[in-house]
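[1] Mind looking at a prediction? Sequence and model below.
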Amino acid sequence: MAAEDEDIETIVCANPECRVAETGRCVEGLELDACPHYGEEPDYDEAEGEELEEEDVDQSITLPSAETLSPEDASEILRRGESRVIAVLGPSDSGKTSLIASLYDLFQEGPVAGVEFARSLSLHAFEHACHDARAASRRSVPHMNRTPIGEVNFYHLEIAGVEDRKNLVLLLGDRAGEEYRAAADDVSVVAGFMEISRADILTVLVDGERLLDGGRHNLKSDIIMMLQGLHEGGALRPHSRLALILTKYDAVIASDHAERAFNDFNLLLGDIKLFFGNTLAEVESFQLAASPKSNAVSRGTGVSELLSFWLRPVASPRALTSARPEFGRAFARLMPLDEPVEEPNG
Amino acid sequence: MADQSVVIIGLPSSGKTTFLAALWHLVTARDIPTALRFGGLGVGEASHLNAIARRWRDAKVQDRTAVAGNRLVSINLLDQTDNVVRATFPDVPGEAYRRMWEDRDCDPEIAEILQAGGVLLFIHSDTIRAPKWVVDEVELSKELGLDVPDNDNAPWHPRLAPTQVQLIDLLQMLRMPPLDTGPRRLAILLSAWDKARGEGLTPEMYLKSKLPMLSQYLERGADGWIFQTYGLSAQGGDYDPVEVSARPAAQAEELRALDSASMRIQLVGPIPETHDLTEPLRWLME
């Protein structure tokens, strides 16, 4: 009987977190006879517990966010040290997030273009951007989310090993494609595009998949008109360099229309140089497969070359050709005579 | 008596408590020469250390779960010139550090702990989560003749981030307000080194190969960490699992058969291989 009594004895512990009754083990890892709480009734008041929990939440210390930076935070970084603003522009679905995610993901495996990862204040944002191409998303085909409409945000990436210089902060501006397109409809919106007016490099994406279908003419027009809007809105600066990117290179080379697409891309490049070449410091083209849908092309193809372009020394602003005074005429050589020194009286 | 603090950080199950258990055994057993020696029990609370060291000697997996709360344990140690150094270690569940990465906050108690002394960072060398990509996984499935996973579309969660990203963020947070206290020494302990050493890499090479972005972050020194990398096997092999019904581990039996439990400990790194796991502490307190 005694044994049976023991069997049905309720096992209790004063520690409400302890599940000794179910597991037979002390949550503190102690021997049962050494635990001061074992065998004691829990002094547990539900209302009090909730109160304590709320108090705990209130007392927690907030740590720095790891999301993208606001324009204000980005401005603060720009004031603080050596940094470079990269504006990534293009119509919706042209691959902006894919490019940003791909650059970050290449650093996960080692140095890129001879430079190394130094730190980042946007690790959550980068990880989120990478998610739909990562196996953890449980997708069968990589996917990239659209940037939501709203204020521009900046991904922060500090890199090291750029020639002999100190670390360099890259601020990668990410804004919804629809908003850039609106610049062609109303140039007044351009005044709000701080990432363009402060950009060292404009990275304009040309959706390779759209060059393969019937939308190719509109695509070319959209890009030219977007740049025209930015130009008239005063956002293109003489020190800015422009990288024109053919994205989804893997889809282009797999298509029967590959040659036509490359040709269209080169014509667009020629037009941009013709229309805006005098406004910008430099225009160069790249082909990118940031997040290819198969292994036919390596992940991040072209990203390393693009990074090297971003890291080139900043072009010094073109010297203003202000009118210098000319002194060719004889009249201009006339100089005032020195005033005679007056002798002091007396 | 000089007071020194060492912060022990690491994600869940990275070997923090096992290290403390092995350290307490090593200094109290006094059976092999160590850089820092036992300086007495003092008036501190030794019951936690005694309890975890007992499990360690028995070759049983540490059974301290996340809800056990934060503990500050203090150990009196003698340095090479016989000065008593009181080393204080937080034994904080890894979930607290995970919460810092995921929820961007921490308890004030943990914040205070994190602002003291050098840092011991634990990384379980056998459970490093590397980034994996959809394209590679699909290709691998095809090569192996397995079904390609359905397009499930699991939502993003910070917990899915690779190990190196979570650790970089943790270290960055220690160098930003409100936790920043200036440049500090950092000893990286790659735990379960007995599982990793078969690859024939030094701990430094292992870090570079398995955690390349973390290695770039540390080497480039944007946050000024002065760091050294060690490989540590504080258990020596597999221990008996916690579950009562589970079968004992074969390796645990072999380890229990050793005459000196201290001999289970293996430490490699910038120093010749040793059983003395006080070496990283000596370096941190230098």
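    Received the coordinates, thanks. Numbers count the residues shown, from 1 in each chain, chains lettered A, B, ... in the order given.
[2] The nearest residue to B:Ala22 once chain neighbours are set aside: how many residues sit nearby?
    Excluding its sequence neighbours, the residue lying closest to B:Ala22 (C-beta to C-beta, 6 or more residues apart in numbering or on different chains) is B:Ala234, at 4.1 Å. The C-beta positions use only the backbone N, C-alpha and C, and glycine is treated the same way. Using other C-beta atoms under 10 Å in any protein chain shown, B:Ala234 has 27 neighbouring residues.
[3] Tell me how far B:Ala234 lies from B:Thr34.
    As judged by C-beta to C-beta, to the nearest Å, B:Ala234 and B:Thr34 stand 14 Å apart.
[4] same check, this time on B:Asp136
    Separation of B:Asp136 from B:Thr34 (C-beta to C-beta) stands at 46 Å.
[5] quick one: buried residues of stretch A:294-302?
    If you call a residue buried by 16 or more other C-beta atoms under 10 Å in any protein chain shown, then stretch A:294-302 has these buried ones: A:297, A:299-302.
[6] what does stretch A:119-127 give?
    Residues of stretch A:119-127 classed as buried by neighbour count (16+ other C-beta under 10 Å): A:119-127.
[7] What of stretch A:134-151?
    Quick answer for stretch A:134-151 (16+ other C-beta under 10 Å): A:134-137, A:139-140, A:142-144, A:147.
[8] chain center to that stretch: distance?
    Here the centre of stretch A:134-151 is set off from its chain's centre by 15 Å, with C-alpha atoms, centre = their mean, to the nearest Å.
[9] Just the endpoints, please. Distance across that stretch?
    Distance across stretch A:134-151, first residue to last, is 27 Å (C-alpha to C-alpha, to the nearest Å).
[10] I'd guessed B:Ile113 sits against B:Val7; true?
    Yes - applying C-beta atoms under 8 Å as the test, B:Ile113 and B:Val7 come out as touching, 6.5 Å apart.
[11] Check the stretch 151-300 of chain A for the residue nearest chain B and tell me.
    Nearest to chain B in the stretch 151-300 of chain A, going by C-beta to the nearest C-beta, is A:Ala160, at a distance of 3.9 Å.
[12] mind listing what that residue touches?
    A:Ala160 is in contact with A:115-118, A:167-168, B:216, B:220, B:222, counting by C-beta atoms under 8 Å, 6 or more residues apart in numbering or on different chains.
[13] and which of these is nearest to A:Phe286?
    Closest approach between those and A:Phe286, by C-beta to C-beta: A:Val115, at 17.1 Å.
[14] What ranges does chain A have for its strands?
    Assigned by DSSP state E, chain A shows strands spanning A:61-62, A:83-89, A:116-119, A:153-160, A:168-174, A:201-206, A:241-246, A:282-287.
[15] With mean pLDDT added, can I get those in JSON lines?
    Output for the strands of chain A, formatted as JSON lines (pLDDT from 0 to 100):
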{"stretch": "strand A:61-62", "mean pLDDT": "95"}
{"stretch": "strand A:83-89", "mean pLDDT": "94"}
{"stretch": "strand A:116-119", "mean pLDDT": "97"}
{"stretch": "strand A:153-160", "mean pLDDT": "96"}
{"stretch": "strand A:168-174", "mean pLDDT": "95"}
{"stretch": "strand A:201-206", "mean pLDDT": "96"}
{"stretch": "strand A:241-246", "mean pLDDT": "97"}
{"stretch": "strand A:282-287", "mean pLDDT": "97"}
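[16] By mean pLDDT, flag the weakest helix or strand of chain A.
    Sorted by mean pLDDT, DSSP states H and E, the helices and strands of chain A end with helix A:2-8, the least confident at a mean of 42.
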